[in-house]
Structure formats: C-alpha cells, structure tokens
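K.L.:
Predicted model and sequence below, questions to follow.
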Amino acid sequence: MNVLIVDDKAAARAILSDILSRGDQLQVHEAAHLQEARRILASAPIDLALIDLCLSDDRRNTDGLTLVREMREKTTAIPVIVSMSSDMESIRAAMRTGAYDYILKDSLSDELVLPIIHGIQSHQRLAREVQQLRARLGPGHFPSGLVGTSEVMAKLRDTIKRVAIWDKPVLVIGPTGSGKELVVEAIHALGPHPTEPLLPVNCGAIPPTLIESELFGHERGAFTGAERKRDGCFTAVQQGTLFLDELAELPLQQQAQLLRVLASGRFKRVGSDVEQDFHGRVVAATHANLEQLAREGRFREDLFHRLDVLTVRVPPLDERKEDIPALVAHFCRQEQKQQPPSRKQRSLRFTEDALQLLMRRNWPGNVRQLGNFIERLTVFCDADPIDSEALTLFLEEREGGAPARVDGLRDAARSILRMAVPNKLDAIDTALITEAMALAEGNKSAAARLLGVHRKAVERRLGRGDDGEE
Ligand SMILES: Nc1ncnc2c1ncn2[C@@H]1O[C@H](COP(=O)(O)OP(=O)(O)OP(=O)(O)O)[C@@H](O)[C@H]1O
C-alpha cells in the first residue's frame, strides 16, 4: 500500500512516517506542499493520503482541502485529514469535501493511525477480490469492461484469453485511446493471480532521475535524500501484474535493467549488491512503433524481441466501426450517472441515422475520442432524440467546420481507392456526372445543383455546349 504524507512541517511528517514504518507493507511518500503532492499523485500509485489542512504558515491556507477535493475528483486514493484544528467547522468542511476520516495531531499514535490503515487495506483487498470475481462471472467468463461485439473484438478477446493464462510477459500495442489499459486489466483478471495487485507505472510520467528507484527501490543512503530503505514496484507488485504503460518512454538504461529482470527473474535495489527475486509478471503497453524505434536506436532491440512474443494488438476504432452504437450506449449510460442534480434529468438517445453518421466518421483518437465526444454532446446538445441533423449542426458549430461531410468523403475515397479500376480519377468523374444526371432525370441544372457546381461545368464534362432538354 502506498501512503502519501502531505504536511508543510518536516517534524510532523517525521512523526507520521515513524508510525507508518511500523505498519505492514507500507510504502511512504512525502510532500511538503500542494504542487509536490499533485506530482506524486500523478506518478505513483497512491492508495491513501494523510493530509494536513493548512499547508503553509498562513493559518488561513486551505490547500489541504483543495487536495482532498482533487483526489476525490481525479483519483481513487483515499484522503484522510490530519490536523491541529479541533474546530467543528473545519472538521465538517473536510468531511463534506470528501475526507474519509479526520485525525487530530494531538492524539497521533500507532493505536490510532494503524487501525485506520488496516481497515482501508482490508477494504481494498475485498474490493479487489469482488471486482475480480465479478469479472470472472461476466458473460463467457470475460471481464466486462471491454464493450464491443464485432468480429475484431471477438478475436481480441480470444487473444487475451490465450495469453492471460500464461505467467509470462505480454506486450500490448495499439493506437492511443484504443483501450490498451482495459486489455491489461482483462489480462490480469484472467491471469493466474487475479487477487494479487495490478500495479500501473506510467513510464512517461516519472522523471528519469527517479525511475530506477521507483521501479527497483533503494537502500538507505543510496543517494542524496534516500533517508530510508524503500521498496520499489518490482517488490510491491508481489505475485501480481506490473503494468508498464508508455513503455517506449522508459530510458535506455532502465530498458537494459528490465531486460535483465525478464531474463533472470531477479533485480537489485539502487545502492544494493544483493539480488532479490521478482515474483510478478510484466505486462507492457505502448502506442509507439517499437520496431521502428529499435531501428532508430531509441529502443533496445533485444528488449523488443524479448517482449514481442505474447503480443496483443488492440485495433483502432476505425477497424471496428460496428462497435460504435454499443460504445455510444455505454458512454451515454456513464454520462447519465454523472448528470448534476440541478440539471433536468434526461437520457441521451440517438436516431438510427445519427448513429450511422457517427459510424461514418473517422476516430483518430479512437474510443477515448468517442467517449469525450459523447461527454460534450451531453453537456451542449439539447436535441432529444439526437438525429443526424442535430448531430451535423453540432459538429459544424462546436467541432469546427463540417468534419462529418469531410469524413464521409474520406471514407468514399478510401473505398474507391481499394477498387480495381485503372484510371480512378476519370472513372469517378464520369460516374459522378452519370449518376447526377440519372438522379436529375437528364436535367443539367438540377444535376449541377446536386454536384454543387455551375451548370456550365456539367456541360463541359458532358462534352456538349447545348442547352439540352430545359
Ligand atoms: N472497448 C471498450 N469498451 C469500453 N470503453 C473503452 C473501450 N476501449 C476503450 N475504452 C475507454 O476509452 C478510454 C481510453 O482507453 P484506454 O485508456 O484503455 O486507452 P489506451 O489505449 O490505454 O490509451 P493511451 O495509449 O493513450 O494510454 C477509457 O476511458 C476506456 O475506458
């Protein structure tokens, strides 16, 4: 369990840290101010934060409350206030903002702090077990987070099931926003140790100077500031899954160290000569082309080949557009749950032609982009149900320009390019004129309106200058 102490007074941090050192399997992080706490929360898997209300010498400072609010909004970590103030108003404000508990600094002791931590630990263990059992009991015994029933998704689920049961490293590749994190969660839930931790490490979010100690831990005095011996992620994960996200961002030196762990199953803390066993499993994910990076010398080729064995490719959304209606319904349900009480409750509904329009669009940001788009629609579009007209208007007004039409054209162009026709430019020109003339029943002016060009252009293309049948 990772615990963050946030207090501007070093002495107060030392007291709490001393109490926590007597706890079981606790990793302690410390921050002296709000910015430092935010940075640690973004880079380390913090489970619990013990936060002082006032983070400066100014008694009116309420950075502690700001942090509690941010944690509740953006993280799953549990905030507990540790304060000198027994003023009822402060306590009420803290609890209203989302603090899990409120401890008075005067009464700090092992007997008071450790039971709170044990309670949270066992609650988390149970929550993890329930989540994993639920995942196992989902339809077809597949974790339910991944929405989509297309053939491509069925293949992806099959690949996940095959690789998950082996206690071996897995490489998950796919473009940004395609669902790699959900795939890793499924691999863990279906793997041999689903009740052990799934520990995510974002290799791009940790400063290069800290990453070695974050991963492998360090001995006391290993470097300036290493006041205590500390376990790293390779220890904390126990028999679970160490999820190395954004693997391409791992510095070359740590790539070499990772390769060594994968080959030998052993690692050393920074500043130690003693090797330790790694009991977990590494699952890495990236949207980068590692093969290309290896050719350019920016990623170790030997590590790429070591990992590129059990590889799971998560396809872009554009390869599984049939899943879009189900994903839209999924995001609509999510949005509905989050509607503020002050807003008139409504469920977001789409007509069939609006869904078709969403399926014709390209989604370079993949499922994440679709989810964000539904979120914006929920807030800014009042149409009910949302039909293609409302959607087109929304796209033109809010999303800049007319991407729906442009995307439709792009799709049409792509399918033409796939056809076995010799001169595609002339062929499409002739086909467009012929089709427009047929639809306009031979009326050149009407055909020109359909084509969005001047009548003379139609006449030129038809190779005749006469006025025809008008
Ligand atoms: N098949 C899916 N079903 C439901 N939600 C999905 C699916 N795929 C992705 N999502 C959602 O889309 C968002 C992005 O997914 P995720 O974070 O897993 O992408 P990623 O591939 O890891 O992206 P990145 O490379 O940028 O980290 C998340 O909110 C996730 O829950």
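P.N.:
Received it, and whenever you're ready, just let me know what you need.

K.L.:
sec struct for the closest residue to the ligand within the stretch 1-150 of the chain, please.
P.N.:
When scored by CB to the nearest ligand atom, the stretch 1-150 of the chain has V147 as its residue closest to the ligand, at 3.4 Å. (Each C-beta comes from the backbone N, C-alpha and C, glycine too.) On the three-state scheme (DSSP: H, G, I helix; E, B strand; the rest coil), V147 is labelled coil.

K.L.:
Tell me who's in contact with it.
P.N.:
With contacts defined as CB atoms under 8 Å, 6 or more residues apart in numbering, V147 is in contact with D323, A326, L327, H330.

K.L.:
In the stretch 101-250 of the chain, what residue lies closest to the ligand?
P.N.:
Evaluated by CB to the nearest ligand atom, the stretch 101-250 of the chain has G179 as its residue closest to the ligand, separated by 2.7 Å.

K.L.:
Am I right that I5 is in a strand?
P.N.:
Yes. Secondary structure assignment (three-state DSSP) places I5 inside a strand.

K.L.:
what's across from it in the sheet?
P.N.:
Counting by DSSP bridges, I5 is bridged to E30, L50.

K.L.:
pretty sure it is in contact with I15, am I right?
P.N.:
No. With contact defined as CB atoms under 8 Å, I5 does not reach I15; the gap is 9.5 Å.

K.L.:
okay, the two: which has more neighbours?
P.N.:
I5 (24 against 17; other CB atoms under 10 Å).

K.L.:
got the contact list for the more buried one?
P.N.:
Going by CB under 8 Å, 6+ apart, the list of residues near I5 reads R13, L16, S17, L20, V28, H29, E30, A31, A49, L50.

K.L.:
Could you rerun that using 6 Å?
P.N.:
With CB atoms under 6 Å, 6 or more residues apart in numbering as the criterion, the residues that contact I5 are R13, L16, E30, L50.

K.L.:
got a markdown table for those, with distance to the ligand, pLDDT and neighbour count too?
P.N.:
Output for those, formatted as a markdown table (distance: CB to the nearest ligand atom, whole Å; pLDDT from 0 to 100; neighbours: other CB atoms under 10 Å):
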| residue | distance to the ligand | pLDDT | neighbour count |
| --- | --- | --- | --- |
| R13 | 33 | 93 | 19 |
| L16 | 34 | 92 | 22 |
| E30 | 28 | 94 | 18 |
| L50 | 29 | 95 | 27 |
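
K.L.:
Next, the buried residues of the one helix or strand A329 maps to.
P.N.:
Taking DSSP states H and E as the definition, A329 sits inside helix 324-337. For helix 324-337, the neighbour count (16 or more other CB atoms under 10 Å) marks I324, L327, V328, A329, H330, F331, C332, E335 as buried.

K.L.:
surely the last one meets T378?
P.N.:
This means E335. Yes. Distance between E335 and T378: 4.3 Å, which falls inside the contact criterion (CB atoms under 6 Å).

K.L.:
Could you tell me which residues of the stretch 201-350 of the chain lie near the ligand?
P.N.:
With the criterion set to CB under 6 Å from any ligand atom, the stretch 201-350 of the chain comes near the ligand through H287, L327, H330.

K.L.:
What about the nearest residue to the first one once chain neighbours are set aside, how many residues nearby?
P.N.:
Which is H287. Sequence neighbours aside, T176 is the residue nearest to H287 in space, at 4.6 Å (criterion: CB to CB, 6 or more residues apart in numbering). Other residues near T176 number 15, with proximity taken as other CB under 10 Å.

K.L.:
Shouldn't T176 be within a helix?
P.N.:
No. T176 is assigned coil when assessed by three-state DSSP, not a helix.

K.L.:
what about A383, which SS state?
P.N.:
Classification of A383 using three-state DSSP returns coil.

K.L.:
What are the buried residues along stretch 73-80?
P.N.:
For stretch 73-80, the neighbour count (16+ other CB under 10 Å) marks A77, I78, P79, V80 as buried.

K.L.:
Show only the entries of those residues found in strands.
P.N.:
Judged by DSSP state E, the subset of the buried residues of stretch 73-80 located in strands is I78, P79, V80.

K.L.:
Spatially, what comes nearest to the last one if we skip its sequence neighbours?
P.N.:
Excluding its sequence neighbours, the residue lying closest to V80 (CB to CB, 6+ apart) is D101, at 4.6 Å.

K.L.:
Quick check: next helix or strand after whatever helix or strand T209 lives in?
P.N.:
Mapping T209 onto the secondary structure by DSSP H and E places it in helix 208-216. Later in the chain than helix 208-216, the nearest helix or strand by DSSP H and E is strand 217-218.

K.L.:
I'd like to know which elements that next one is packed against.
P.N.:
Packed against strand 217-218, as judged by 3 or more CB pairs under 6 Å, 6 or more residues apart in numbering; DSSP states H and E, are the following elements: strand 230-231.

K.L.:
change it to 10 Å
P.N.:
Under the contact criterion of 3 or more CB pairs under 10 Å, 6 or more residues apart in numbering; DSSP states H and E, the helices and strands touching strand 217-218 comprise strand 230-231, helix 233-236, strand 266-268.

K.L.:
chain center to it, what's the gap?
P.N.:
Centroid separation for strand 217-218 versus its chain: 27 Å, with CA atoms, centre = their mean, to the nearest Å.

K.L.:
quick one on the thing from earlier: quick check: neighbours shared by E335 and T378?
P.N.:
Counting by CB atoms under 10 Å, 6 or more residues apart in numbering, the residues touching both E335 and T378 are L348.

K.L.:
Now for the residue nearest to V80: which residues touch it?
P.N.:
If a contact means CB under 10 Å, 6+ apart, then D101 has 48, 50, 78-82, 94-95, 113, 116, 119-120 as its contacts.

K.L.:
In this structure G204 contacts A248, no?
P.N.:
Yes. G204 is in contact with A248 according to CB atoms under 10 Å; the separation is 8.2 Å.

K.L.:
which residues are common contacts for the two?
P.N.:
T286.

K.L.:
pLDDT score for the residue nearest to N372 when sequence neighbours are not counted?
P.N.:
Distance criterion CB to CB, 6+ apart; nearest residue to N372, sequence neighbours excluded, is G365 at 7.5 Å. Predicted confidence (pLDDT) at G365: the value is 91.
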